[in-house]
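**Student:** build the 3D model from these lines:
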Amino acid sequence: MTKVDRRILKSQEAIKKAVIALMSEKSFDDITIQDISDKANVSRGTIYLHFVDKYDLLDKLIEEHINAMREICESSSEMEYSEANLPWFEYLEKNYLFFSTMLASKGAPSFRSRFKEFLIEEFKDEVDITKGKNQGLNEDVIIQFIVTSYVGIVEWWFTNGMPLPPHVMSEQVGMLLERNL
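**Tutor:** Numbers count the residues shown, from 1 in each chain. Now for the predicted structure:
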């Protein structure tokens, strides 16, 4: 694996933080490359060196977080829901500005869709309609119910300033998942 220059990583991180901060202030459509450049304290050329345009920047930022969440799912796949949710809520808390901005922002509805698609992919194998409490129910209905609920609870948590700590959220959401899956 080749080693990436720390200056490059530092510039990329500053650019990503700048676009998130700007999105918490105004719509993504109203943000210019110059705005990002000014906020990140880098030249416009530096931004174009790493990203095609602001849409590429946003797409890569979203993909980075989706991939991190995918890794969390893989590492906790054998755990009970209450336990498996803890790394999720800790990750969400650690990246509060990103997730609260993406879920609340009118400029990034694509994030909400990608987040839901990711959750559908993760929960699809958890649904069993052949026996038990979900026998005879439609699999798509169950998945949509779970995913929409999960996204809604995350939005509620952020909108209300994370009123419960990650371990409480993990436990309670885990219990709700157990009841429904």
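**Student:** so what touches the helix or strand of the chain with the lowest mean pLDDT?
**Tutor:** When each helix and strand of the chain is scored by mean pLDDT, DSSP states H and E, helix 96-104 comes last, with a mean of 89. Helix 96-104 is contacted by residues 20-21, 23-24, 61-62, 65, 92, 108, 111-112, 115, 151, 154-155, 158-159, 162 when judged by CB atoms under 8 Å, 6 or more residues apart in numbering. Heads up, the C-betas are built off the backbone N, CA and C, glycines and all.
**Student:** 10 Å instead?
**Tutor:** 16-17, 19-25, 28, 58, 61-62, 64-65, 91-93, 95, 107-112, 114-115, 151-152, 154-155, 157-159, 161-162 (CB atoms under 10 Å, 6 or more residues apart in numbering).
**Student:** I would like the residues contacting stretch 6-23, please.
**Tutor:** Against stretch 6-23 from outside (CB under 10 Å, 6+ apart): 4-5, 28, 30-33, 35-43, 46-47, 49-51, 54, 57-58, 60-61, 64, 95, 97-102, 104-108, 111.
**Student:** oops, could you answer that again for stretch 148-166 instead?
**Tutor:** Residues contacting stretch 148-166 (CB under 10 Å, 6+ apart): 85-94, 96-97, 99-104, 112, 115-116, 119, 122-123, 169-173, 176-177, 180.
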